[in-house]
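**Q** Make a model of this:
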Amino acid sequence: MANSQIVRERKVAGGDDSRDLQGGARGTVVGDVMGDITPWRVLRDGQFEALYDEYYAKWRGFWNPQHKSYKTERSRLISPLTAMAVDLTSAEIIEAVLGREYFIDLPDDVGDNENDDVDAARKLLVQDLKNEGFIDEFASTVLNGCLYGTGITKIQILTKVVKTPTQVKTEDGTPEVVVTEQEVVSIKPVAIEPGSFVYDPSVANIDDMSGCAHEFMLPLTTLRKRQAEGVYYNDFVVMPSNARRLAQNRGDTEEGNLRKQGEAAFITEYYGLLSTRHMLQAQAEGNGVTVDEQIIADIPENDMTEVICTIANETHLLRVIENPLLTGERLMLSYQHEVVPGRFPGRGVCEKAANVQRAMDAEMRARIDGLAWSNLPMFAFDLTRMPPGSNMNAWPGKGWGTRGNPSEVIQEFKVSGPDQNSYVHMQELERMGQQATGAMDSQGLRSGMRDETATGSALAASSFIKRSKRTMFNIEGYMGKLVRRVLRLKMQFEPQRYPQDYEFQVRGSLGMMAREIEQQFMVNIASVLGPDSPAMMPLLIGIFEHSSSPVKSDVLKALKAIAEKKPTPEEEAAKKAQLAAPVAELAKTKAETVKLQAEGGLKIEQAEKTSIEAQILDNNKDLERIGVVIELEENDIQRGNLEVQQKDLVLKGKALELQRKALDKKPSA
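**A** As a prediction, this is how the structure comes out:
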């Protein structure tokens, strides 16, 4: 099989099916890889090519005939709604993640008591990432995530020569500048546009895919230089390619889409599983060595190896190597701006704003087209009364000759202007677009956070994180995988600079913000404790263990040294003497306090007695007043009784008088 010609259905990216495939074991590998990549690419283009083109055009403000709302549309205006939402969202994500000097933290594992190694690695890693352009690549990855829904990064391993000028003195003492060269391994994350990424569509996670590939154009000068250096196989000549990749269909001008690419080869860089047999045979053939057939036969037929495979023009194998990371983790990562369950492509800002953007463009263009009809002068003519061959175009100072009264021959033709409600429509569409994308309250995020504390930056970014927590969780997981794999490669290829500690954690923006909240809680507790409190030192150590400060390790060393320091007998005696005086003073103060409390109690009892006596006197006076009132009431009653008796006597006297008169009138017998 090593020398057999691969026969497969031809469908290369450039559409040129006349080129011969590479033979031998390397041709077998090309057939294995491209047999999967080609159908994956066709599926991707069918699903997303038109959408990606539209998203890119809306963001850049490029007009495309396919984006017309109706056939007779003439205006080419494009609403800035999508561009604003993408720019604001990407800026907020970058500020939330990179808005501090140390944007990652590497706490050591629980069982490892040596924390200094990982802390030093954190400082060195952040410095190396910044020097190798990670900030720009991360910004590009986030921008791709906002535009297309998926941000993709590959970890590139390159060997480069670093030239460092140093000043030395010659034998006669004259200073001289000498340039020293040093070969270093560069571990650099590189952002990949989704239109240049081909993936296994059967699963949603890159690590679970059978493979994926980055397709790009590589100048022939760079390719042949790498062949000369032995990086790529050099026993064949790579010709220029006319292949078209999806990203090239989005031109930088309105006039053309396909850009001139010069003398370049179409490169397919495959990351995934490959038959171990085919890999070993291709490596041996590329390096010009023979491999023992018995060794190949002893390898199980279904045994697969994680490889990085580079193919030129889909026909020639440039290199196939085993995954250089010892842990076997794939050097290709991604995050989804918003996860679509069960699918690898995510949902980005452009997708959320697409419908509102189309409606906004249609409204704006219809209004502008309507203004063209209403603003420009138009005339209606009686052609039977106009001279033959008259030029009907109008301009200032133009004159027309007519057969009869011009007011009867020529009449201005007016078209009413656009509907005034279109202003309200556009405002409502803008509001709907802000609701759809979540980019409506970005003004709450203050600027200049790199000059403030990490806690201040976290608080300022909190409003965005609350809005986009799903996205931030996705980025947190992406950053964790990326930093872990980059650092392990650094430990593997630069052991003299990085400690060999493979057990560590990674905390990004959300993890550090959560720890800063806990740190603030401990600071509040420490503020109510005295400096001599036994809990003060553990709190201080905990505060700095949760910190991302650049002097974290130095402060922790000093605090632990203070906490572990044992006092001498003299220091203990002096401390006891110092404590004895406050204790005696405390006892004296306590006795005085008891005396004052007793005296105060006596005074209180005397005051209560006086109060009771005064109350008794008041009660006696009240009783006397009540007795006088009762006596007066009894006198009134007695007077009433006497008056009644007097009335009875008067009545009785009147009755006796009547009886006497009656007796006087009676005749005598």
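**Q** going forward, measure contacts and count neighbours with C-alpha atoms only.
**A** Fine.
**Q** in the stretch 251-400 of the chain, which spans are helices?
**A** 276-286, 293-298, 349-375 (DSSP state H, counting those that start in this stretch).
**Q** CSV for those helices, including mean pLDDT?
**A** Converted to CSV, those look like this (pLDDT from 0 to 100):
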stretch, mean pLDDT
helix 276-286, 89
helix 293-298, 81
helix 349-375, 84
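**Q** May I see these organised as CSV, with mean neighbour count added?
**A** Below are the helices of the stretch 251-400 of the chain laid out as CSV (neighbours: other CA atoms under 10 Å):
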stretch, mean neighbour count
helix 276-286, 21
helix 293-298, 10
helix 349-375, 20
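**Q** closest one to L106 among these?
**A** helix 349-375 (31.3 Å; CA to CA).
**Q** so what does the closest one touch, helix or strand wise?
**A** Packing contacts for helix 349-375, counted by 3 or more CA pairs under 8 Å, 6 or more residues apart in numbering; DSSP states H and E, involve helix 24-60, helix 81-98, helix 134-148, helix 421-437.
**Q** Repeat the analysis, applying 6 Å as the threshold.
**A** If contacts are counted by 3 or more CA pairs under 6 Å, 6 or more residues apart in numbering; DSSP states H and E, helix 349-375 sits against helix 421-437.
**Q** tell me the average confidence for the helix or strand hosting Q578?
**A** Per DSSP states H and E, Q578 falls inside helix 569-665. Across helix 569-665, pLDDT averages out at 79.
**Q** Please pull out the lowest mean pLDDT helix or strand from the chain.
**A** Using mean pLDDT, DSSP states H and E, helix 454-467 stands out as the lowest-scoring helix or strand of the chain, at a mean of 55.
**Q** okay if I get the helices of the stretch 251-400 of the chain as TSV plus distance to G31?
**A** Listed next are the helices of the stretch 251-400 of the chain as TSV, based on distance: least, CA to CA, whole Å:
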stretch	distance to G31
helix 276-286	11
helix 293-298	19
helix 349-375	36
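**Q** so which of the ones you listed gets nearest G35?
**A** The nearest among the helices of the stretch 251-400 of the chain, by CA to CA, is helix 276-286 at 14.4 Å.
**Q** what sits up against the closest one?
**A** 25-26, 233, 290, 296, 303-305 (CA atoms under 6 Å, 6 or more residues apart in numbering).
**Q** ok, and the most crowded of these?
**A** R26 (32 neighbours; other CA atoms under 10 Å).
**Q** For stretch 378-389, which residues meet the burial criterion?
**A** In terms of neighbour count (16 or more other CA atoms under 10 Å), stretch 378-389 has its buried residues at 381, 385-386.
**Q** With stretch 481-490 instead?
**A** 481-490.
**Q** In helices, which of these fall?
**A** Per DSSP state H, helices hold the following members of the buried residues of stretch 481-490: 481-490.
**Q** thinking again about what came up before, could you say which one of the helices of the stretch 251-400 of the chain comes nearest to K225?
**A** helix 276-286 (17.0 Å).
**Q** and that closest one with helix 24-60, angle?
**A** Helix 276-286 and helix 24-60 are oriented at 100 degrees to each other (axes from the mean of the first three to the mean of the last three CA atoms, to 10 degrees).
**Q** Quick one: distance of helix 276-286 to the chain centre.
**A** A distance of 43 Å separates the centroid of the chain from that of helix 276-286, by CA atoms, centre = their mean, to the nearest Å.
**Q** same check, this time on stretch 324-339
**A** Distance of stretch 324-339 from the chain centroid (CA atoms, centre = their mean) equals 18 Å.
**Q** Then stretch 352-361?
**A** 24 Å.
**Q** what are the C-alpha coordinates of it, in PDB please?
**A** The C-alpha coordinates for stretch 352-361 follow below in PDB (Å, rounded to 0.1, in the frame of the first residue of the first chain):
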ATOM      1  CA  LYS A 352     -28.700  38.200  16.100                       C
ATOM      2  CA  ALA A 353     -28.800  41.500  14.300                       C
ATOM      3  CA  ALA A 354     -29.300  40.200  10.700                       C
ATOM      4  CA  ASN A 355     -33.100  40.600  10.400                       C
ATOM      5  CA  VAL A 356     -33.100  44.000  12.000                       C
ATOM      6  CA  GLN A 357     -30.200  45.100   9.800                       C
ATOM      7  CA  ARG A 358     -32.000  44.000   6.600                       C
ATOM      8  CA  ALA A 359     -35.100  45.900   7.700                       C
ATOM      9  CA  MET A 360     -33.100  49.000   8.600                       C
ATOM     10  CA  ASP A 361     -31.300  48.900   5.300                       C
END
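**Q** Can you pull out the residues in contact with it?
**A** By CA under 6 Å, 6+ apart, stretch 352-361 touches 78-79, 433, 436-437.
**Q** hang on, the earlier thing: now the contacts of helix 276-286 in CSV, with distance to D136?
**A** Below are those laid out as CSV (distance: CA to CA, whole Å):
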residue, distance to D136
A25, 40
R26, 36
Y233, 32
T290, 45
I296, 45
D303, 39
M304, 35
T305, 33
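**Q** Which pair of these spans the longest distance?
**A** Y233 and D303 (24.8 Å).
**Q** coming back round to it: determine which two of the buried residues of stretch 481-490 are furthest apart.
**A** K481 and K490 (14.2 Å).
**Q** Go through the contacts of helix 276-286 and say which is closest to W395.
**A** Y233 (70.4 Å).
**Q** Where does the closest one sit: helix, strand or coil?
**A** coil (DSSP: H, G, I helix; E, B strand; the rest coil).
**Q** quick one: contacts for it?
**A** 227, 286, 318.
**Q** Just list what the strand ranked longest in the chain packs against, helices and strands only.
**A** Assignment by DSSP state E gives strand 150-169 as the longest strand of the chain. Packing partners of strand 150-169 (3+ CA pairs under 6 Å, 6+ apart): helix 134-148, strand 175-192, strand 332-336.
**Q** Measure how the last one sits relative to strand 150-169, angle-wise.
**A** Read it as strand 332-336. 130 degrees.
**Q** Name the strands paired with strand 332-336 and say parallel or antiparallel.
**A** Strand 332-336 sits in its sheet next to strand 150-169 (antiparallel), going by DSSP bridges.
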